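>>> The sequence and its predicted three-dimensional model are supplied below.
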Amino acid sequence: MLDITNLKARIENKQILNGVNLRVNAGEVHAIMGPNGSGKSTLASVLSGREEFEVTDGSVDFMGKDLLEMSPEDRAREGIFMAFQYPVEIPGVSTINFMKTALNKIREHRGLPAMDAVAFLKVMKEKMKLVEIDQSLLNRSLNEGFSGGEKKRNEIFQMAMLEPKLAILDETDSGLDIDALRIVANGVNKLRRKDNAIIVVTHYQRLLEHIIPDFVHVLYQGKIVKSGTKDLALELEAKGYDWIKNELAIA
Amino acid sequence: MGKDNQILVEITSKEYEHGWAVDVDTDSAPIGLNEDTIRFISKRKNEPEWLLEWRLGAFRTWSKMTEPKWANVSHPPIHYQNIIYYSAPKQRVTPKSLEEIDPEMLKTFERLGISLTEQKRLTGVAVDAVFDSVSVATTFKDKLGELGIVFCSFSDAVKEHPDLIKKYLGSVVPVNDNYFAALNAAVFSDGSFCYIPKGVRCPMELSTYFRINAANTGQFERTLIVADEGSYVSYLEGCTAPMRDENQLHAAVVEIYAMKDAEVKYSTVQNWYPGNKEGVGGIYNFVTKRGLCAGDHSKISWTQVETGSAITWKYPSCILKGDYSTGEFYSVAVTNNHQQADTGSKMIHIGKNTRSRIVSKGISAGKSQNSYRGQVQILKRATHSRNSSQCDSLLMGDTCGAHTFPYIDVENSSSRVEHEATTSKIGEDQIFYCLQRGIDEEAAVALIVNGYAKEVLNQLPMEFAVEAQKLLALTLEGSVG
């Protein structure tokens, strides 16, 4: 589904990604971990198409297409979804209205007719149940005055609505208490399917207790320096990132 | 920054949609303004002697006045002697039915999406269509007549309801109120008149649609709405003009008189030609709008969506004379390219326990300047009165300006005034958030702007809210700047 080869990227004059290689197949969940400043969020931003980052080398193939050639909105329409670490507020625009606009833009891109209000509401009700979100929240202005937990839950609700092929969760656990974390993780787990894939970007292991990854990668200094299974995450938790740094220094 | 500018470029490259002109034979006054011009207009309209005298009085007052300079706008001097003050489509006879109206003119309104022909009329909305200086058709007149509601062109009202006109003309905006109001009183050509009798709730939206067509012509219409005790009416005004390189002057007056327990809602969607991207041409929109809440418990509510005009100078106001009366002002003003807007409201509290609310949303783009100017005055005897004002500015790009000039004057200690102001920019983060959900930039800007203006758009009659949203998207989207 996703094939990242030797990806290098910088912001202004600072090189952040130094040759990332990663392959994600349908049905898989990959966790990307690493210390602060290792390039985790940059990788998420480059995949979603933020213009501040300049790709200097490498390629990204998404379902047989050159992802780096696509505009951010086309990436979204082709099935890439990013759950933001800091979702922005849009006053006066309800989540419902926002999702209706987004969903119909995506449908238009795929040659499907716009969904009418009745059909939309039906889908919405289903997804609300799935991710345990209250409609009163969806009637409010997008993210305005939402608590940290509500914002993240709202991101997962949007993921449920848009049914992406590849979802990137950027530090979705940050700022969540344990109950909110469980609800968000449950929502994500219910959205796992054979035909989609998820990349979980996280600093800590605790999210991975709830969303069990198939693979864990450690990103350090803009490169994936170690890959393994969920046990790698536990090892990192026990030994800290210094363990990886030391290992690299010796090598 | 890069993204923001890109959107702006796309937006600002949008063309004005209503910029065409049609060929209609016109009967015009000679260029320039003197007492003969006024006699010419009055004669053309077969007016009674008292109205001619009223006009002449206004002209003499105007001649002694000077153009106001306090607004935060700049323009080359207006040459009042180079304007044609009256231009009417040539019609042998007054049309008795739509079949007698010049088909070119009917087509004009069709193109604007306003159908005057019976079968296609928007149900629930009665329209008075004003083309250059005269009213060409008023729909649903008979149906409204059954309820005793008068809705007709100003000229017809002078003939058919002289007592009402005599009593209320100039009662809210006196001749000497300001420079442009005095000019209007001298040369006003046509407009709409509306009277809602005691206890009647007008069953449909009333609407006036103005179209400037002829070149070098000023448009000076006058609207008078009288709501008798316990009545209710919702009124909408729309306007467009062709694209011309010279500036055209539009100086209108709207007067609303609300008696005890009456309620009037007045909504405007102003889309005069704004000039081109370099700031050439466009309408100078210098308008006086005022409502008098004369009776206790009366209410006047102004809602405006201002997207057009090269310069807008307009302060819809309420004089809250009756005890417990209420005034409201909801405004979205959008400026792009070289447009300038100086707009806001005045709330004058005279009666006890009066309430007023101002919600102003400015959106500036391009090289435009957008000012809110508002006055809240609570007189000594207006005890226990309240006002709340909220003025928000949204900036697009970094070459435009937003300004707020609030004047607050409270003369008693039992009243309360609140003023809130915010300034924000459409953030790149907001745009990117939309893009990441598959919403393109143009749709994202429209979404964000409509969200920002929602509180005001919600006040519009339903039929027009959608229209206004599209217009915002087009001006902005095409252009908020």
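Good, I have the coordinates. Numbers count the residues shown, from 1 in each chain, chains lettered A, B, ... in the order given.
>>> who touches the one helix or strand in chain A whose mean pLDDT sits lowest?
Using mean pLDDT, DSSP states H and E, helix A:241-250 stands out as the lowest-scoring helix or strand of chain A, at a mean of 80. The set of residues external to helix A:241-250 that reach it, using Cβ atoms under 8 Å, 6 or more residues apart in numbering or on different chains, is A:34-35, A:218, A:220, A:225-226, A:235-236. Every residue, glycine included, has its C-beta placed from N, CA and C.
>>> Relative to A:Ile183, which of these is nearest.
For the contacts of helix A:241-250, the closest approach to A:Ile183 (Cβ to Cβ) belongs to A:Leu236, at 24.9 Å.
>>> ok, that closest one touching A:Tyr204?
No. Counting by Cβ atoms under 8 Å, A:Leu236 does not reach A:Tyr204; the two are 9.2 Å apart.
>>> Those two - which one has more neighbours?
Comparing A:Leu236 with A:Tyr204 by other Cβ atoms under 10 Å in any protein chain shown, the one with more neighbours is A:Leu236, at 22 against 14.
>>> What helix or strand is that one located in?
If you go by DSSP states H and E, A:Leu236 is part of helix A:230-239.
>>> helix/strand/coil for B:Ala341?
strand (DSSP: H, G, I helix; E, B strand; the rest coil).
>>> actually B:Asp409, not the one I typed
strand.
>>> Can you name the residues bridging to the nearest residue to it once chain neighbours are set aside?
Spatially, and ignoring its direct neighbours in sequence, B:Asp409 is nearest to B:Gln377 (4.6 Å; Cβ to Cβ, 6 or more residues apart in numbering or on different chains). With DSSP bridges as the criterion, B:Gln377 is bridged to B:Ile348, B:Asp409.
>>> Which residues are in contact with B:Gln377?
B:Gln377 makes contact with B:346-349, B:407, B:409-410 under the criterion Cβ under 8 Å, 6+ apart.
>>> rerun at 7 Å
Applying Cβ atoms under 7 Å, 6 or more residues apart in numbering or on different chains, we find B:Gln377 in contact with B:348-349, B:409.
>>> now, among those residues, which is nearest to chain A?
Distances from chain A to the contacts of B:Gln377, taken as Cβ to the nearest Cβ, are shortest for B:His349 (29.5 Å).
>>> which parts of stretch B:164-176 are buried?
By neighbour count with 16 or more other Cβ atoms under 10 Å in any protein chain shown, stretch B:164-176 contains the buried residues B:164-165, B:168-170, B:172-173, B:175-176.
>>> pLDDT weak spots in chain B?
In the predicted model of chain B, residues B:1-26, B:89-139, B:211-217, B:239-246, B:463-464, B:467, B:471, B:473-481 satisfy pLDDT under 70.
>>> So which bits of the stretch 1-150 of chain A are right by chain B?
Remark: the part of the stretch 1-150 of chain A in contact with chain B comprises A:48, A:50-51, A:72-73, A:76-77, A:82, A:84, A:87-88, A:90-93, A:101-102, A:105-106, A:109, using Cβ under 7 Å from any Cβ of the partner chain.
>>> Would you map the strands across chain A?
A:2-11, A:14-24, A:29-33, A:53-62, A:65-66, A:80-83, A:90-94, A:141-142, A:166-170, A:197-201, A:215-220, A:223-228 (DSSP state E).
>>> possible to save these as CSV with distance to A:Val123 and mean neighbour count?
What follows is those, written out as CSV (distance: least, Cβ to Cβ, whole Å; neighbours: other Cβ atoms under 10 Å in any protein chain shown):
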stretch, distance to A:Val123, mean neighbour count
strand A:2-11, 26, 18
strand A:14-24, 27, 17
strand A:29-33, 24, 24
strand A:53-62, 25, 16
strand A:65-66, 27, 12
strand A:80-83, 16, 26
strand A:90-94, 16, 21
strand A:141-142, 18, 22
strand A:166-170, 18, 25
strand A:197-201, 21, 24
strand A:215-220, 31, 22
strand A:223-228, 37, 17
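>>> can you put these in JSON lines and add mean pLDDT?
Compiled in JSON lines, those are given as follows (pLDDT from 0 to 100):
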{"stretch": "strand A:2-11", "mean pLDDT": "94"}
{"stretch": "strand A:14-24", "mean pLDDT": "93"}
{"stretch": "strand A:29-33", "mean pLDDT": "94"}
{"stretch": "strand A:53-62", "mean pLDDT": "94"}
{"stretch": "strand A:65-66", "mean pLDDT": "96"}
{"stretch": "strand A:80-83", "mean pLDDT": "96"}
{"stretch": "strand A:90-94", "mean pLDDT": "92"}
{"stretch": "strand A:141-142", "mean pLDDT": "94"}
{"stretch": "strand A:166-170", "mean pLDDT": "95"}
{"stretch": "strand A:197-201", "mean pLDDT": "94"}
{"stretch": "strand A:215-220", "mean pLDDT": "93"}
{"stretch": "strand A:223-228", "mean pLDDT": "91"}
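>>> Reformat the ones you listed as JSON lines; add distance to B:Leu435.
Below are these laid out as JSON lines (distance: least, Cβ to Cβ, whole Å):
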{"stretch": "strand A:2-11", "distance to B:Leu435": "18"}
{"stretch": "strand A:14-24", "distance to B:Leu435": "21"}
{"stretch": "strand A:29-33", "distance to B:Leu435": "23"}
{"stretch": "strand A:53-62", "distance to B:Leu435": "14"}
{"stretch": "strand A:65-66", "distance to B:Leu435": "18"}
{"stretch": "strand A:80-83", "distance to B:Leu435": "10"}
{"stretch": "strand A:90-94", "distance to B:Leu435": "13"}
{"stretch": "strand A:141-142", "distance to B:Leu435": "15"}
{"stretch": "strand A:166-170", "distance to B:Leu435": "15"}
{"stretch": "strand A:197-201", "distance to B:Leu435": "19"}
{"stretch": "strand A:215-220", "distance to B:Leu435": "25"}
{"stretch": "strand A:223-228", "distance to B:Leu435": "27"}
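>>> And those strands: which comes nearest B:Ser368?
Each of the strands of chain A has some distance to B:Ser368 by Cβ to Cβ; the shortest is strand A:90-94, at 21.8 Å.
>>> Give me the residues contacting the closest one.
A:98, A:138-144, B:430, B:447-448, B:451-452, B:454.
>>> which of those residues has the most neighbours?
Among those, the one with the most neighbours (other Cβ under 10 Å) is A:Leu142, at 27 neighbours.
>>> thought it was touching A:Thr95?
Yes. With contact defined as Cβ atoms under 7 Å, A:Leu142 reaches A:Thr95; the gap is 5.3 Å.
>>> need the residues of chain B near chain A, please.
Within chain B, the positions lying close to chain A (Cβ under 7 Å from any Cβ) are B:2-3, B:427, B:429-430, B:432-433, B:435-440, B:443, B:447-448, B:451-452, B:454.
>>> Mark which of those residues are part of strands, please.
The members of these all map outside strands under DSSP E.
>>> ok so, going back, show the buried residues in the contacts of B:Gln377.
Buried members of the contacts of B:Gln377, scored by 16+ other Cβ under 10 Å, are B:348-349.
>>> Could you export the contacts of B:Gln377 as CSV, including distance to A:Phe62?
CSV is the format used below for these (distance: Cβ to Cβ, whole Å):
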residue, distance to A:Phe62
B:Ile348, 63
B:His349, 63
B:Asp409, 63
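>>> Can you tell me which of the contacts of B:Gln377 is nearest B:Pro77?
For the contacts of B:Gln377, the nearest to B:Pro77 is B:Ile348 (31.5 Å; Cβ to Cβ).
>>> show me what contacts the closest one?
Residues in contact with B:Ile348, defined by Cβ under 7 Å, 6+ apart, are B:319-320, B:377.
>>> which secondary structure element contains B:Val417?
Secondary-structure element containing B:Val417, defined by DSSP H and E: strand B:416-425.
>>> swap in B:Ile225?
In this assignment (DSSP H and E), B:Ile225 forms part of strand B:222-227.
>>> which strands and helices sit next to that strand?
helix B:162-168, strand B:192-196, strand B:232-240, strand B:253-258 (3 or more Cβ pairs under 7 Å, 6 or more residues apart in numbering or on different chains; DSSP states H and E).
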